[in-house]
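Student: Got a sequence here, can you model it:
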Amino acid sequence: MPFKFTELSIPEVVLIESVKFRDNRGFFEEVFKVTDFENSKIKLNVKQINFSHSSKGVLRGLHYQLSPFAQAKLVRVISGTIFDVAVDLRKSSPTFGKWTGAKLSPAGANMLYIPQGFAHGFEVLSDEVDFEYYCSDVYSPENERGILYNDPFLNISWQTEHPNLSKKDLVYPLFKDAEYNF
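Tutor: Numbering: from 1, shown residues only. Have a look, this model is predicted:
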């Protein structure tokens, strides 16, 4: 199997490592194979693929969409390095209000699966990063929500002291005031 699936501290968030088959021409890597993912209990019906380019110090998030437009995401870095974070917003979950994260880079041949019911964010650690999101539902502006990235309750271990954020990300509510329906 060309994939290794590792549950993080929140078991439904899964770090996925792929195998690069190398020879003198370069390498070949499978990024997604439905049978391998489904055998590991990850079902992702991709309805939208997003791509972003960001520079060092950019922090995007924490974003999510309300049900019924909630998105599961498979995220991967094409070039550069990020610290990727998922926050559990599922009220009945034993890890409700907890976060988990991982460093992602092409050198690590890794990606992160984030199920529905989680807020997602990342910060750029390299000079630049190219980043892909495979999403289980389409973007729905009226259902988009967010949580302030530096909420003291969440206490996320961001590595950038003064991140570059969008105006929208700067005014999201704290976790205790956020709207979620999972």
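
Student: Kindly state the beta-bridge partners for the residue lying closest to residue 9 once chain neighbours are set aside.
Tutor: Spatial nearest neighbour of residue 9, excluding adjacent residues (CB to CB, 6 or more residues apart in numbering): residue 100 at 4.6 Å. (C-beta placed from N, C-alpha, C; glycine too.) Here residue 100 sits in beta bridges with residue 86, going by DSSP bridges.

Student: mind checking which helix or strand the closest residue to residue 116 other than its chain neighbours is in?
Tutor: Leaving aside its sequence neighbours, residue 116 sits nearest to residue 70 (CB to CB, 6+ apart; 3.9 Å). For residue 70, there is no enclosing helix or strand under DSSP states H and E.

Student: Let me see the ranges of the strands in the chain.
Tutor: Along the chain, the stretches classed as strands by DSSP state E are 3-7, 14-18, 20-23, 26-29, 48-55, 59-65, 73-79, 82-88, 99-104, 110-114, 118-124, 128-135, 144-146.

Student: isn't the residue nearest to residue 9 right up against residue 112?
Tutor: No - counting by CB atoms under 8 Å, residue 100 does not reach residue 112; the two are 9.2 Å apart.

Student: So for those two, which residue has more residues nearby?
Tutor: Between residue 100 and residue 112, counting by other CB atoms under 10 Å, residue 112 is the more crowded of the two (25 against 22).

Student: circling back: can you report how many residues neighbour the residue nearest to residue 116?
Tutor: Per other CB under 10 Å, the neighbour tally for residue 70 reads 20.
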